[in-house]
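Asker: after the sequence you'll find the predicted model.
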Amino acid sequence: MRDLAVGRMQRGDLPAGTRIRWGRLALAALPGKYPEERSQRLVIDSARVRAYLIREFGPDATDPARDLAALRADVLRNLGMPRETAARLADGWQSLPREQMLRLRRIKNMLSALHPVLPLLEDGTPAAADLRAWLELVPRLP
């Protein structure tokens, strides 16, 4: 269901309102794709859909699917480790155990999902500064 909904959300020949509804359906279907828990993979997929909706149709603080501040907060909250720890581990990621490498990779994927809306995220808030610091770390992550 999620894949079908994402495909329809991305169809430029459909009206904007219809595409936004498909995006919301894609978000609603995500817990079924990852039923085990609110995993980082769920957050990554959710961030990708939400960033697409925001890029295509603009941010809207009244729409949870297009709430820019909520998207940024959700990603930052789910990174799974302090930035300082991630920076330390990134310096020697090649020698880390597989599970730690995967954690760093998921962090990179989560942050990369925000690239389509990066200019909109620069709003001078402390959260924006925190995100900027995390994004500087991305090239060093596996």
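Answerer: Great, that's in hand.
Asker: in the chain, where is pLDDT below threshold?
Answerer: For the chain, the stretches flagged by pLDDT under 70 are 37-38.
Asker: can you give me the helices for it?
Answerer: 2-9, 16-33, 40-57, 68-77, 83-90, 98-112, 118-121, 126-137 (DSSP state H).
Asker: can you tell me the centre-most residue of the chain?
Answerer: Of all residues in the chain, the one closest to the mean position by Cα atoms, centre = their mean is Ala47, 2.9 Å from it.
Asker: that one and Met1, how far apart?
Answerer: Distance of Ala47 to Met1, computed by Cβ to Cβ, to the nearest Å: 19 Å. No exception for glycine: its C-beta is placed from N, CA and C like everyone else's.
Asker: cool, and Met101?
Answerer: Here the criterion is Cβ to Cβ. By it, Met101 lies 31 Å from Met1.
Asker: how near is the residue located most distally from the centre of the chain to Leu71?
Answerer: No residue in the chain sits farther from the centre than Ser95, which is 26.8 Å out by Cα atoms, centre = their mean. From Ser95 across to Leu71, the span is 34 Å (Cβ to Cβ).
Asker: same check on Asp91?
Answerer: In this view, Asp91 and Leu71 are 29 Å apart by Cβ to Cβ.
Asker: show me which of the two is the more surrounded one.
Answerer: Comparing Asp91 with Leu71 by other Cβ atoms under 10 Å, the one with more neighbours is Leu71, at 25 against 9.
Asker: quick one: contacts for the more buried one?
Answerer: For Leu71, the contact set (Cβ atoms under 8 Å, 6 or more residues apart in numbering) comprises 47, 50-51, 54, 114, 117.
Asker: same check, this time on Ala73
Answerer: Applying Cβ under 8 Å, 6+ apart to Ala73 gives the contacts Ala127.
Asker: for Asp45, which non-adjacent residue is closest in space?
Answerer: Distances taken as Cβ to Cβ, 6 or more residues apart in numbering put Leu30 closest to Asp45, at 5.6 Å, once the chain neighbours are dropped.
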